[in-house]
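Undergrad: sequence and predicted structure are below.
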Amino acid sequence: MDKRINARIDTQSSVKISTRIKNLIALLPLLILSLLLAPPLAAREAQPLVADEKTEQRMLLLADELRCLVCQNESLVASHADLAKDLRQEIRTQIKQGRSDAEIMQFMVERYGDFVRYRPPFNRSTWLLWFGPALLLLLACISLFYQLGKNKGGQQQRRKLSREEQQRAEQLLALPEPNAGKTNFPSETKR
Amino acid sequence: MKIKRWPLAACFSLLALIALIALLALGLQLNPRELPSPLVGKTAPDFSLMRLDKPAQSFSPKEMLGQVWLLNVWASWCTSCRQEHPILLELAARQTLPIVGLNYKEIRGDASIDQDKIEPSQELLVAQRRAQDWLSSQGNPYQLTVLDLNGRVGIDYGVYGVPESYLIDQNGLIRFKHIGPLTNEVISQSILPLLAQLKR
C-alpha cells in the first residue's frame, strides 16, 4: 500500500516538474531575445568628461608643472583651492587662444615668480638648489676617502710594545685561566 | 697620537651640527607665504572694472598716473581684511595717500555661499549690496572701490591671499607689495619711507 502511494506521488511530482521545465523552455526564446536586446539599450559609450580632450590634456600637463600658491605643496592639478581652479580655467582659455606652453608658463612666472614652477630655472639665486645635492655628495666622498686614508696610516703605524709592556703581557698570558678546573657545573658533579 | 686627533674631529662635527641647526632654525623663521613678487618694479597691469560707488563708470589704473597710491585687495568674506581695516581708515583720515579698493571675488571667493544657488544675473547685485554693507559698517577708507567679480584682474596682479596691497608710483610702476593684513610696522617701516622717497 505504502509503496503504491509513494509511487503515485512520485509520478505526480514528476509530471509537475516536467510541466515547469516545459514552461521554462517556452520562455527561453523570450529570455534570449531580451538578453540580446538589453545591452545596446541600457549601456551607451561613456561620454567624455570634458568637451575638448586635447585642451584638457595639455592643461593638465602644464598645471602639473605649476605650484598652487594657496596650498604650496600641491600642484595646480591636485589642488582644490579656488585660485587653482581659476588658474586651470585661465590655462584652458589661453590654450584655446592658441598660446604655446612656453607662453603660458611665462604668463604664470610673470605674475607669481619662479616659485610657481616646480622645475625652477637655473639662475643666480637657484644654482645652490641645483648643485647642492651634487656638492653634498662630493663633500661626503672627500670626507670618506680622507677617513679611509687615515685608517690605513693608523695600521701602518702600529707600534711595537716597549720592553716593560712586553714583559707584562707575557706575565698575563702565563697566568692560569681563572675558570680552569671549573669546567663542570656544580649540579652535574653532584649526580 | 689618537688623543690629539679626537678633539679636532669632535670640534668639526659639533661645528657642522651647530651650523645645520642654525640653518634649520633660520628656515623656520621664514614665512613661506611671503614671496618676492615679480611685479615689483614693473608697470601695474592695466584693467577696467566697474566702480562700486558709480556702477555706470569704470576705473582704470591709468587715471592715477601722476600720483603715488595704494591698491588694496579686499573682500567682505576676508577676515584678515577686518583686521587691517582700522589701519587703512587711519591712512585715509590722515590723507597720507589715495587708496583704491579692489574687491576680489566678492561672491565666488566666499566659501560659505553655495555658488549654484546664486543666479549669474544676481551675482553683481548681491556683490554690490554686500560690499556696500561692509563698507558702511566698517568705514570706507577708499577713494573708490572696483569690483573684480571673477578674479581675473586678481590673476594679473598675482593675488593669492587676500588682503594684498600694492604701492604704485606716479609712473604707474609697482614699488612695493604686501601680502596679508597691513600692520603698523609695515606702514611705518616700508610704506611711509618709500612714499617719502617717491614724493621727493
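TA: All right, it came through fine.

Undergrad: CA only for contacts and neighbour counts going forward, please
TA: Fine.

Undergrad: ok, and the closest non-adjacent residue to the residue in chain A that chain B sits nearest to?
TA: Using CA to the nearest CA, the closest approach of chain A to chain B is made by A:Arg111 at 4.7 Å. Nearest residue to A:Arg111, sequence neighbours excluded (CA to CA, 6 or more residues apart in numbering or on different chains): B:Gly158, at 4.7 Å.

Undergrad: try A:Ile95
TA: A:Ile95 sits nearest to A:Thr55 (CA to CA, 6+ apart), 6.5 Å away.

Undergrad: I'd say the one you found and A:Glu90 touch.
TA: No: with contact defined as CA atoms under 8 Å, A:Thr55 does not count as touching A:Glu90 (11.8 Å).

Undergrad: returning to that earlier point: the residue nearest to A:Arg111: how many residues sit nearby?
TA: Neighbour count for B:Gly158, taken as other CA atoms under 10 Å in any protein chain shown: 20.

Undergrad: so for the residue of chain A closest to chain B, what's the pLDDT?
TA: We note a pLDDT of 90 for A:Arg111 in this prediction.

Undergrad: re earlier: so who does the residue nearest to A:Ile95 touch?
TA: A:92, A:95-96 (CA atoms under 8 Å, 6 or more residues apart in numbering or on different chains).

Undergrad: okay, and for the chain, where does confidence drop off?
TA: With no chain named, the answer covers chain A. Residue ranges of chain A with pLDDT under 70: A:1-15, A:38-44, A:47-50, A:151-158, A:177-191.

Undergrad: wait, chain B was what I had in mind.
TA: Along chain B, segments meeting pLDDT under 70 span B:1-6.

Undergrad: point to the residue nearest the middle of the chain.
TA: Using chain A here. Taking CA atoms, centre = their mean, the centroid of chain A lies closest to A:Ala78, which sits 16.5 Å from it.

Undergrad: I was thinking of chain B, sorry if that wasn't clear
TA: So for chain B, CA atoms, centre = their mean, it's B:Glu164, sitting 1.0 Å from the centre.

Undergrad: run through the bridge partners of that residue.
TA: On the basis of DSSP bridges, B:Glu164 is bridged to B:Val73, B:Ile179.

Undergrad: was I right to think it contacts B:His178?
TA: Yes: the criterion here is CA under 8 Å, and B:Glu164 meets it with B:His178 at 5.6 Å.

Undergrad: pretty sure A:Thr93 is in a helix, no?
TA: Yes: counting by DSSP: H, G, I helix; E, B strand; the rest coil, A:Thr93 is part of a helix.
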